[in-house]
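Novice: Provided below for reference: sequence and predicted model.
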Amino acid sequence: MNNPDINNEAFQSLNWIIETAQRGFFFILASHKMQERIADAYNAENIVKLNYSDRNQYNEWRVFDEENTEHYKYRVIDKFVYDNSDKQIFFILNFQIPFPAVNDIYNLNMSRDMIADLNKVFIFFMTPELEFRLYQSAPDFHDYCNLKIKFEDIGIEETKQELLKLDENIQTINQIHDIRERLARYKEMETEYLSHFKETTKGIVLVKKDLSDSQLVAIAGTLDNIAELYHKIGDYQNALSIYKKTLLLREEILGLEHRDTAKSFHNIGSVYYGMGDYNKALEYFNKTLEIREKVLGLEHSDTAHSYNEIGGVYYYTCDYNKALEYFNKALEIRKKVLGLEHPDMTESYHNIGSVYGETGDYNKALEYLNKALEIRKKVLGLEHPNTATSYNNIGTVYNKTGDYNKALEYYNKALEIRKKVLGLEHSDTAQSYNNIGFAYDDMGDYNKALEYYNKALGIYEKVLGKDHPRTKNVLNNIALIGL
């Protein structure tokens with residue numbers, strides 16, 4: 001007899017995607033019949049469905065051989081998105097059908113970036129067998145999957161019952177153990193792909209071997225994904241090493257004036273930013289901005305992102321006028337091209353609020369920071385690193401106004417999210433410990449302050465090293481306790 005609750009967690013996860021995701025790839029693993037039962041349960045206005053088992057859909061764009069077997073073509077998805085450009089969530093049902101041959105899998109792998117550039121939420125419904133084939137033969141496409149959900153076969157009525165019992169306890173790839181699991185899974189691939197680079201006395205050189213330029217560009221995309229995982233867990237050296245190799249590859253094959261080359265400059269700048277090397281970060285972010293302004297134009301979300309990151313560097317180097325200038329440039333572009341409830345808008349509100357907090361305009365600071373927090377809770381959910389950042393910075397404003405109880409309330413909310421989502425050995429978790437210590441320090445509870453400062457110090461020394469500005473800042477806080 002079927003257990004009516006067997007897919008409860010799977011439906012929770014699918015609901016989370018539909019309610020919060022802005023773009024990305026997601027996999028639903030289920031049998032042919034179960035795929036259609038799941039899809040039939042969702043009929044929101046922002047969802048549109050392409051079912052490969054329905055040969056009447058986009059028949060003129062699809063390819064069938066002499067045996068009437070269908071083969072994958074990117075143009076089907078491209079045309080489907082073009083015809084439904086007002087929709088955001090795309091159900092691609094029975095995706096296992098157009099992949100009878102290995103070449104079809106390879107074609108999907110090569111079209112990954114083109115699908116991603118459509119900037120939609122793609123929920124690919126497929127059998128577990130296809131997912132395993134993608135894992136083996138289309139690693140670039142497979143690695144773009146943000147969340148994989150498996151459904152067991154149950155009947156129509158049981159499916160409806162499960163949808164009525166959902167809660168919101170969802171876990172995402174931001175969690176540290178998931179990231180480490182991915183890195184372990186892709187270690188062999190990482191080693192193989194890095195073999196295309198050689199260390200010489202003159203620096204790193206690219207060894208093309210017998211691969212085509214298009215294959216090497218695809219390898220760069222996969223290495224970027226691996227480096228991003230290292231970056232997320234604070235392994236800056238591995239992230240930086242891989243990002244520099246993909247930059248070399250893209251400069252040689254794509255040239256300087258290409259959006260993917262700009263992305264490589266951005267990635268390297270982001271790592272330097274995390275390491276506290278703000279001069280290097282600014283150098284790479286400015287190179288990114290120069291390319292994006294030329295290639296993408298002034299009114300593009302990527303250009304806005306570059307303005308925002310340059311503003312971030314000026315913020316951390318205490319040049320608040322420059323920071324506000326760049327943050328406002330980013331905000332104006334985002335308002336125009338993304339809309340008011342886009343996650344990037346929350347970043348702009350948050351950053352502008354943080355500047356006002358540093359310059360002493362606390363009412364303005366809370367106005368902007370609370371705007372960011374409300375959108376983040378709605379769009380990203382309560383258990384997300386960016387939501388934690390909002391709580392943290394609102395706490396900082398309250399701490400500066402002398403409302404230490406409010407400050408501790410918000411700092412502790414940030415800490416709980418960060419411990420759960422990022423883990424105990426992450427620089428953001430250390431930041432929360434440091435800020436809580438700072439609040440206790442200001443309240444005169446020096447034993448509590450020292451306790452939290454030491455927790456922060458232990459993490460910073462382990463993750464960032466003894467010479468990092470944040471590590472030195474905590475040491476300075478400890479030295480000044482009670483003064």
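Specialist: Structure received. Numbering: from 1, shown residues only.
Novice: For Phe25, pull up the helix or strand it's in.
Specialist: Using DSSP states H and E, Phe25 sits in strand 24-29.
Novice: in the following helix or strand past that strand, what's buried?
Specialist: Next helix or strand after strand 24-29 toward the C-terminus (DSSP H and E): helix 32-40. Neighbour counts using 16 or more other Cβ atoms under 10 Å place 34-39 of helix 32-40 among the buried residues. Placement of C-beta: from N, CA and C, glycine included.
Novice: From the rest of the structure, what touches helix 32-40?
Specialist: With contacts defined as Cβ atoms under 8 Å, 6 or more residues apart in numbering, helix 32-40 is touched by 14, 28, 30, 49, 51, 53, 91, 93-94, 96, 125-127, 151-156, 159.
Novice: Filter these down to the buried ones and hand me the ChimeraX line.
Specialist: Remark: buried members of the contacts of helix 32-40, expressed as a ChimeraX selection using 16+ other Cβ under 10 Å:
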select :14,28,30,49,51,91,93,94,96,125,126,127,151,154,159
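Novice: tell me the strands in the stretch 51-200 of the chain, going along the chain?
Specialist: For the stretch 51-200 of the chain, the strands defined by DSSP state E, counting those that start in this stretch occupy 63-64, 70-71, 89-93, 121-126, 145-150, 197-200.
Novice: Deepest in the core, which of the ones you listed is it.
Specialist: strand 121-126 (a mean of 24; mean count of other Cβ atoms under 10 Å).
Novice: for that strand, the distance to its chain's centre please.
Specialist: Chain-centre distance of strand 121-126: 18 Å, with Cα atoms, centre = their mean, to the nearest Å.
Novice: List every C-alpha atom in that strand, with coordinates, as CSV.
Specialist: C-alpha atoms of strand 121-126 as CSV (Å, rounded to 0.1, in the frame of the first residue of the first chain):
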residue,chain,number,x,y,z
VAL,A,121,13.6,29.0,-13.8
PHE,A,122,13.9,25.7,-15.6
ILE,A,123,12.5,22.7,-13.8
PHE,A,124,13.5,19.6,-15.8
PHE,A,125,11.3,16.6,-15.2
MET,A,126,13.2,13.4,-16.0
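Novice: Give the pairing partners of it; include direction for each.
Specialist: Each strand paired with strand 121-126, and its direction, by DSSP bridges: strand 24-29 (parallel), strand 89-93 (parallel).
Novice: and the angle for it with strand 145-150?
Specialist: 40 degrees (axes from the mean of the first three to the mean of the last three Cα atoms, to 10 degrees).
Novice: and the angle for strand 121-126 with helix 32-40?
Specialist: Using the same axes, to 10 degrees: strand 121-126 against helix 32-40 is 150 degrees.
Novice: pLDDT score for the residue lying closest to Ile92 once chain neighbours are set aside?
Specialist: Spatially, and ignoring its direct neighbours in sequence, Ile92 is nearest to Phe124 (4.8 Å; Cβ to Cβ, 6 or more residues apart in numbering). We have a pLDDT of 97 for Phe124.
Novice: Quick check: Phe124 vs His426, distance?
Specialist: 31 Å (Cβ to Cβ, to the nearest Å).
Novice: ditto for Val474
Specialist: In terms of Cβ to Cβ, Val474 sits 15 Å off from His426.
Novice: which of the two has more neighbours?
Specialist: Val474 (26 against 20; other Cβ atoms under 10 Å).
Novice: Assumed that one was part of a helix.
Specialist: Yes: applying DSSP: H, G, I helix; E, B strand; the rest coil, one finds Val474 inside a helix.
Novice: Cross-check the contact I'm expecting between it and Gly458.
Specialist: No: using Cβ atoms under 8 Å as the test, Val474 is too far from Gly458 to be in contact (9.5 Å).
Novice: Burial check on the closest residue to Thr303 other than its chain neighbours, number of neighbours?
Specialist: Leaving out its chain neighbours, the residue that sits closest to Thr303 by Cβ to Cβ, 6+ apart is Arg292, at 4.6 Å. By other Cβ under 10 Å, the residues close to Arg292 number 24.
Novice: Surely Arg292 and Glu257 touch.
Specialist: No: with contact defined as Cβ under 8 Å, Arg292 does not reach Glu257; the gap is 10.2 Å.
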